[in-house]
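Participant: prediction below, plus the sequence it came from.
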Amino acid sequence: MISLHQTLSKHVTAALNRAFPEAAAKANAAGFPLDPQLVYASKPEFGDFQINGALPLAKPLRKAPRQIATSIVEELNNNQDFRNLCEAPDIAGPGFINLTLRSQCLITEIETRLKDVRLGVELVQASKSGEPPAPVVIDFSSPNIAKEMHVGHLRSTIIGDSLARILEFRGHPVIRLNHVGDWGTQFGMLITHLKQVAPEALTTANVVDLGDLVTFYRQAKKRFDEDKDFQMSSRKEVVKLQSGDLTALKAWKLLCEQSRREFQKIYDRLDINLTERGESFYNAYLQSIITDLERLGLLVVDEGANCVFLEGITGKDGNPQPMIVQKKDGGFNYATTDLAALRYRFKKPPEGDGACRLIYVTDAGQANHFAGVFQIAKRAQWVPEGGRIEHVPFGLVQGEDGKKLKTRAGDTVRLRDLLDEAIMKASADLRRRLKEEGREETEDFITNVSNVIGIAAVKYADLSQNRVTNYQFNFERMLALQGNTAPYLLYALVRIAGIARKGGSFNIHTNGLQFNEPQEWCLVRELLKFDNVISEVEEELLPNRLCNYLFELSQTFNRFYDQMPILKAPEQKRCNRLALCELTANTLKLGMTLLGIPTLERM
RNA sequence: GCGCCUGUAGCUCAGCGGAUUAGAGCAUCUGACUACGGAUCAGAGGGUCGGGAGUUCGAAUCUCUCCAGGCGCGCCA
């Protein structure tokens, strides 16, 4: 209903200006035009929209708020276009104006939406000069090479993917970047270890399976910590790698490829698309970051390291906090890489991505780091006019004890084990239910449904919570069939699919719909909120808002389903109700798709 | 010590400066035509929104302060 809101907003603003021409002229001259504060109604009993703007005008106009509201309403009543959309406005409480849309207006919206695959969500506009919108870079997932993906990556991956899907659906060209940790000092020990454990890997073409890379990593780390000679060789290996030594490079590539294959398995299971562009990609740009910072006069040598001192951020000693961009040994660190990446992403092609918005989906612990990086980028003027940079932080994944999620043995939980367990539990649950209900299903069916429910539950549990807070991981809760969970939403869709199966396809006419029951109108109003929710998530980058909406829509639908006969209703009512079923299914399906969650016809 | 984040019902959490009564879900209790999939629906109880002050016509929401917890804080990422 965004377009309706916009139309109404014009009428209401005009009415406000006509009601108080002098105040309006003054306000316009001051650059703060009068704002009627037209918002969606906070409660259904207040109608569809409410105008809150009368209250703050009381003081400047020296009039009672209700009197101001009355004047606005008089002007609105004089406008035929407005009256075609809304019932007579209501003045309520201290001076709120409640607007209720005419039934026909809502019905037209529903009819339009039934024919619209975008469900009322508009595509972003091309610029005035006709250029397509600039890309949005979303940096998410970003595991480290030679390490196992763990739950920490889960949130970044799931949240980042959902945000990407939503922005893509709005028509933004989205660059989904996997900023993998594929460079750095840890490769010294990995390469040294590889050379000693599997030297043939470097001479034979791509036939060596390194096996479990995590074990490999641990072995290398252990030797690095215990063996002085090994340490020495490792340091030399880093230098070799960075200076382009062919053997070192080959070993590095081998390790990356092996890792990549492992990551891909997870991404396939989660249905995640990513473009890998690791830290190493920016190597060629690191030196120029230093040179540019120096040229701009931002660089300070402190204790032998090249630093930029941050404004407004103090360190332990109370002095401005430095951000090191080049270590005293001449090496670069992640701040340098992040700056190079940021600059590259904003730069126009062919020197960069030409992005207008950068979104970093990483844990909240990196907030300070990004604040520093963003500050330097702004001071160096690497952020173009109108360019947005946002850190999208999220909290820790905790176990039921409220502490960081660990296995019983105290190790970090591997992502694949976690997914396996979710699917296993979903499968056990399904089999138990089939037995109870005396249903027979094929193994294929059971496997597929368990997979979908397991993955959906894990994703939804994560997405449905405000990402800023820590998140308590709990299989029982996320797989529960009731409550704000994936299975509950999936079930609503299954019910509608059941109706479609029994009543033939929906295939209904979408003109001349009529609704009479409150349950129908509730569902109508809920359905029409969809586009607004999407635009909210696009702006606030909080997928839990979409989850909340889908849950409320499911609840509203279940209420409707419970209280209204559909297939058994008389012909006319049946058509009207089937139309609502169809639009509900379309909305739930699209919403779930935008969360990255698959749906089912039967479960 | 400094910085960032969090504190809302027994538990897990929503809450976008707006409405006498601050919302869900779980758990607890009470109900629902043999039902288009009851994996649902209707209802009940349960709260000093961490404490205090301020801004505002109006504050869970903004500001300050204190308390509690989490995370981070110079050459790892």
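Facilitator: Nice, thanks for sending it over.

Participant: domain ranges for chain A?
Facilitator: Taking automatic domain parsing as the reference, chain A has its domains at A:2-101, A:136-181+A:279-394, A:186-272, A:482-603.

Participant: what sits against the nearest residue to residue A:292 once chain neighbours are set aside?
Facilitator: Spatial nearest neighbour of residue A:292, chain neighbours left out: residue A:380 (6.5 Å); criterion: Cβ to Cβ, 6 or more residues apart in numbering. For every residue, glycine as well, the C-beta is placed using N, CA and C. Counting by Cβ atoms under 8 Å, 6 or more residues apart in numbering, residue A:380 touches A:292-293, A:296, A:298, A:339, A:343.

Participant: for RNA strand B, what is the nearest residue in the stretch 101-250 of chain A?
Facilitator: As assessed by Cβ to the nearest atom of the strand, RNA strand B sits closest to residue A:184 within the stretch 101-250 of chain A, at 4.0 Å.

Participant: how about that residue, secondary structure?
Facilitator: At residue A:184 the chain is in coil, as set by DSSP: H, G, I helix; E, B strand; the rest coil.

Participant: I figured it hits residue A:279, correct?
Facilitator: Yes - counting by Cβ atoms under 8 Å, residue A:184 touches residue A:279, with 7.1 Å between them.

Participant: got the contact list for the residue nearest to the spatial centre of chain A?
Facilitator: The residue lying closest to the centre of chain A (Cα atoms, centre = their mean) is residue A:163, at 2.7 Å. The contact partners of residue A:163, taken as Cβ under 8 Å, 6+ apart, are A:138, A:140, A:359, A:361, A:392, A:537, A:541, A:543.

Participant: one more time with 7 Å, if that's ok
Facilitator: When contacts are counted by Cβ atoms under 7 Å, 6 or more residues apart in numbering, residue A:163 is found next to A:138, A:359, A:541, A:543.

Participant: same check on residue A:416?
Facilitator: Contacts for residue A:416 (Cβ under 7 Å, 6+ apart) come out as residue A:266.

Participant: what does the model give it for pLDDT?
Facilitator: For residue A:416, the model assigns a pLDDT of 88.

Participant: so how far is whatever helix or strand it lives in from its chain's centroid?
Facilitator: Here residue A:416, judged by DSSP states H and E, is contained in helix A:415-437. Once both centres are worked out by Cα atoms, centre = their mean, to the nearest Å, helix A:415-437 turns out to sit 27 Å from its chain's centre.

Participant: mean confidence score for stretch A:29-43?
Facilitator: Stretch A:29-43 shows a mean pLDDT of 86.

Participant: any bit of that stretch sitting next to RNA strand B?
Facilitator: Yes - against RNA strand B, stretch A:29-43 shows contacts by Cβ under 7 Å from any atom of the strand at A:37, A:39, A:41-43.

Participant: emit the PyMOL select command for whichever of those residues are buried.
Facilitator: Selection of buried members from these for PyMOL, criterion 16 or more other Cβ atoms under 10 Å:
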select buried, chain A and resi 37+41
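
Participant: what about the residues of stretch A:29-43 next to RNA strand B, which are in strands?
Facilitator: Using DSSP state E, residue A:39 are the members of the residues of stretch A:29-43 next to RNA strand B that sit in strands.

Participant: quick one: low-confidence ranges for chain A?
Facilitator: Scanning chain A with the threshold set as pLDDT under 70 gives A:205-211, A:504-510.

Participant: what do you get if the cut-off is 50, keeping everything else the same?
Facilitator: Counting by pLDDT under 50, chain A has no low-confidence residues at all.

Participant: buried stuff in the strand of greatest length in it?
Facilitator: Scanning chain A for the longest strand, with DSSP E as the assignment, gives strand A:305-314. Buried residues in strand A:305-314, counting neighbours by 16+ other Cβ under 10 Å, are found at A:305-310.

Participant: near RNA strand B, anything from that strand?
Facilitator: Yes - counting by Cβ under 7 Å from any atom of the strand, RNA strand B has neighbours in strand A:305-314: A:305, A:307, A:313-314.

Participant: which residues touch the closest residue to residue A:140 other than its chain neighbours?
Facilitator: Using Cβ to Cβ, 6+ apart and skipping the chain neighbours, the partner closest in space to residue A:140 is residue A:160 (2.4 Å). Residue A:160 sits next to A:138, A:140-141, A:361 when contact means Cβ under 7 Å, 6+ apart.

Participant: mind checking which of these are buried?
Facilitator: A:138, A:140-141, A:361.

Participant: next, give me the two most distant ones among these.
Facilitator: Farthest-apart pair in those is A:138 and A:141; separation 9.7 Å (Cβ to Cβ).

Participant: can you show me the strands along the stretch 401-550 of chain A?
Facilitator: Using DSSP state E, counting those that start in this stretch, the strands of the stretch 401-550 of chain A run over A:471-472.

Participant: which stretch of helix or strand covers the residue in chain A sticking out farthest from the centre?
Facilitator: Distance from the centre of chain A peaks at residue A:229, with 46.7 Å (Cα atoms, centre = their mean). With elements taken from DSSP H and E, the one containing residue A:229 is helix A:228-242.
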